[in-house]
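Visitor: Sequence and predicted model, in that order:
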There are 2 protein chains.
Amino acid sequence: MVSLKTIAEKCGVSTATVSKALNNQKDISEETKSRIKKTAEALGYFPNAAARALKTNRSYNIGVLFEEEAGSGLTHEYFSGVLNGLKVQAEKQGYDITFINTCFENRKMSYYEHCRYRNFEGVAIVCADFNDPDVMELMNGTIPVVTIDYVHHNCTAVCSNNIQGMEDLVKYIYGQGHRKIAYIHGQKASYVTKDRLASFYRTMDELGLAVPDEYIRTADYLETKGAEIQTRELLNLKDPPSCIIYPDDTSLIGGRNVIIEMGLRIPKDISIAGYDGTRMSQLLHPRLTTIRQDTELIGGEAAKRLISSIERPRTTLIERVVIEGILVQGQSVGRINC
Amino acid sequence: MVSLKTIAEKCGVSTATVSKALNNQKDISEETKSRIKKTAEALGYFPNAAARALKTNRSYNIGVLFEEEAGSGLTHEYFSGVLNGLKVQAEKQGYDITFINTCFENRKMSYYEHCRYRNFEGVAIVCADFNDPDVMELMNGTIPVVTIDYVHHNCTAVCSNNIQGMEDLVKYIYGQGHRKIAYIHGQKASYVTKDRLASFYRTMDELGLAVPDEYIRTADYLETKGAEIQTRELLNLKDPPSCIIYPDDTSLIGGRNVIIEMGLRIPKDISIAGYDGTRMSQLLHPRLTTIRQDTELIGGEAAKRLISSIERPRTTLIERVVIEGILVQGQSVGRINC
DNA sequence: TAAAAGTACGAAAACGATTAAGAAATAAAC
DNA sequence: GTTTATTTCTTAATCGTTTTCGTACTTTTA
């Protein structure tokens, strides 16, 4: 292991000098500096993160909380996209990313304890149960935290703009001539659902469209079962909608299958729209009309804000960052005469 | 920051005693041990990973190389599934997972340098360009490395059993009565493709079936474009196949779209099979016949082997671990009379 | 009862870096 | 020519652990 000491001996100076030279402090002469740097290079020196962290209390390490409810968080495109954005940006700024977990040697430890143990300088909560006391402890703690799609008074939040997204979607559908628009929304507990639902109602209202109660239904995100059932019921109504908006692109598949099964054509007989803009949504025929959530950007912004609050804690505000969704005009919402 | 010193003072003993007590060394009396442990608990003590790593040279941290060629590695279900398996198992055994990158302060550093900097005890290469000199440096280095779906003489490899998977798939298709089976395979450079292709030929041979050259084609993994083109050409042959096997579930979608466009029914008019067993594959109608790769298990095994070679370097062999794929009998391969 | 063995703890060095304070040499100021 | 400032480097302490070795005391053994 080549350390400062090795270099110091080779150069006939003290380790202090070597340290300062490599860190470009100005009380070392240019000549010695370059001599030391050359030797360091030649010896293949790299600093020891542990030693440095111990002394400076800076780990350049960010913890990411990524727990999969339902056992598949990492494999869901939305979350993994966000994680990727986070990773890319953090790397760019010289930070590493480590998953936060709860195992330590044999015993359990809380997220917060893990963070202190590893000296994480900040935490990004990408995918977690926000009601979990351990998660709350983390959010209420003193380590800077950024949350995704969840607002907490003590943390900077980066959220997809579900209000604007839903508004854009509804207005586009309206523009295509649709007047009977149904919305199957996801679980009501989440912020995401609340925003989208409120925005749906508001936009419909603005457009002067009535929303029959039976047009509003619930089905789980990321699953097809619920969407299947709800779609069937919607299509069997006396006055069925001409367009159905689904919780997301994945659950939409369930509805889509039912529609095809019933012998209906998309978008001839019935129009459908998703939400997410998954890769798959653009592979299907017809390509889905959906709102693409810019997961890269969401993750990237999260990283930027987090690092900012690490490096400039005084001047960084706790804020709510909103990332616009992008309407993807596929072919699943057809043009009709109203 | 509550440290050993804090506890030592509170208990009126030395830090050495505290350390030994908390680590359950046997030259501390049971009485003092419990007294110390209680105080530690009460003070909310947690060891400092950096200090410990510095002293013991053990970081309990594993590096994961996860570079997205084509800019989407993390969001691909196969890779993210493996990563998740890795994460879960590593956590279970008390290790943390950190992404390996190449940025350090301002300058670049190689993967290997990053690993030494962070004292990673082992490395898992999940998704990377194996021809990259930096990746090769890592594999040839002294840090234990486990690779996924790639074999290198110096590293333990965990691979999906593509030989058996393809064999199972072909035999199942044969069992359904198909005799004219086409195979659109992925990029030839990869081990995965080589294994599958060889196994395809071998199995067909074993079954006494001829493989016309025009039945073997190439299309990229994870993209639909190539599969579209190849499917069209296959279906326009004088003697088209009755079943087409695709590089993977994603590229299959391209072929599927072409088939639907041409007015053919799956599996009535043409049968198709994928490879991967993505979530989506089981949402489509008809559900895909495919080989499900147990990504959880692949990642889990990778973690186990890696940790084993970290903790028992002497007794751990460099080996090639093969994870069986599971035939998923969807409905996309129909029964026909030969 | 003296020697040997065992038990329970402490002192101090070490891991590899950073940094405040000090020292030696040179340059500038009066 | 003495004092002061500047430049350049060193000394030594420190971060929070672990670990080797030593010591004091107690218990066992012959």
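Guide: Everything's here; your move.
Visitor: DNA strand D contacts on the stretch 51-200 of chain A?
Guide: By the rule Cβ under 7 Å from any atom of the strand, the part of the stretch 51-200 of chain A lying against DNA strand D is A:51, A:54-55. C-beta here means a position set from N, CA and C on the backbone, and glycine is covered the same way.
Visitor: which ones among the residues you listed are found in helices?
Guide: Among these, the members found in helices (DSSP state H) are A:51, A:54-55.
Visitor: Kindly identify which of the residues of the stretch 51-200 of chain A next to DNA strand D also come near chain B.
Guide: For chain B, the contacts drawn from these by Cβ under 8 Å from any Cβ of the partner chain are A:51, A:54.
Visitor: which one is the residue positioned nearest the centre of chain A nearest to, not counting chain neighbours?
Guide: What sits nearest the mean C-alpha location of chain A, by Cα atoms, centre = their mean, is A:Val82, with 3.5 Å. Spatial nearest neighbour of A:Val82, chain neighbours left out: A:Gly299 (4.2 Å); criterion: Cβ to Cβ, 6 or more residues apart in numbering or on different chains.
Visitor: how far away is that neighbour from A:Val328?
Guide: Distance of A:Gly299 to A:Val328, computed by Cβ to Cβ, to the nearest Å: 19 Å.
Visitor: follow-up on the earlier one: name the helix or strand for the residue nearest to the centre of chain A, please.
Guide: Using DSSP states H and E, A:Val82 sits in helix A:77-92.
Visitor: Now do the same contact list for the closest residue to A:His76 other than its chain neighbours.
Guide: In space, and not counting its chain neighbours, A:His76 is closest to A:Leu222: 6.3 Å by Cβ to Cβ, 6+ apart. Contact partners of A:Leu222, counting by Cβ atoms under 8 Å, 6 or more residues apart in numbering or on different chains, are A:70, A:76, A:248, A:250-251.
Visitor: could those go into CSV alongside neighbour count and pLDDT?
Guide: What follows is those, written out as CSV (neighbours: other Cβ atoms under 10 Å in any protein chain shown; pLDDT from 0 to 100):
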residue, neighbour count, pLDDT
A:Ala70, 10, 45
A:His76, 23, 82
A:Asp248, 27, 94
A:Thr250, 26, 92
A:Ser251, 28, 94
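Visitor: Out of these, which comes closest to chain B?
Guide: A:Thr250 (7.2 Å; Cβ to the nearest Cβ).
Visitor: does the closest residue to DNA strand D within the stretch 201-338 of chain A count as helix, strand or coil?
Guide: Nearest residue of the stretch 201-338 of chain A to DNA strand D: A:Ile310, at 18.8 Å (Cβ to the nearest atom of the strand). Using DSSP: H, G, I helix; E, B strand; the rest coil, the structure places A:Ile310 in helix.
Visitor: Per-residue pLDDT of it, please?
Guide: Per-residue confidence for A:Ile310 comes out at a pLDDT of 95.
Visitor: do you know how far it is from A:Ser59?
Guide: From A:Ile310 across to A:Ser59, the span is 10 Å (Cβ to Cβ).
Visitor: what do the two both touch?
Guide: With Cβ under 8 Å, 6+ apart applied, the overlap between the contact sets of A:Ile310 and A:Ser59 consists of A:Glu121.
Visitor: where exactly do the strands run in chain A?
Guide: Along chain A, the stretches classed as strands by DSSP state E are A:61-66, A:96-99, A:103-104, A:107-108, A:122-127, A:145-148, A:156-160, A:181-185, A:216-218, A:243-245, A:271-273, A:290-292, A:320-323, A:326-328.
Visitor: count of residues packed around A:Pro133?
Guide: Residues near A:Pro133, counting by other Cβ atoms under 10 Å in any protein chain shown, number 9.
Visitor: where does it sit relative to DNA strand C, distance-wise?
Guide: 35 Å (Cβ to the nearest atom of the strand, to the nearest Å).
Visitor: same question, A:Ser110
Guide: Look at A:Ser110 and DNA strand C: by Cβ to the nearest atom of the strand, they are 27 Å apart.
Visitor: Once you drop chain neighbours, what's closest to that residue?
Guide: Nearest non-adjacent residue to A:Ser110, counting by Cβ to Cβ, 6+ apart: A:Asp134, 4.9 Å away.
Visitor: Quick check: the one you found touching A:Lys108?
Guide: No: counting by Cβ atoms under 8 Å, A:Asp134 stays clear of A:Lys108, with 9.6 Å between them.
Visitor: so how far is DNA strand C from the residue sitting furthest away from the middle of chain A?
Guide: For chain A, the largest distance from the centre (Cα atoms, centre = their mean) belongs to A:Gly12, which lies 51.1 Å off. For A:Gly12, the distance to DNA strand C equals 15 Å [Cβ to the nearest atom of the strand].
Visitor: and that residue, what are its phi and psi?
Guide: Torsion angles at A:Gly12 (phi, psi; degrees, to the nearest 10) stand at phi 70, psi 30.
Visitor: Could you count how many residues lie near A:Ile181?
Guide: Counted with other Cβ under 10 Å, residues neighbouring A:Ile181 total 24.
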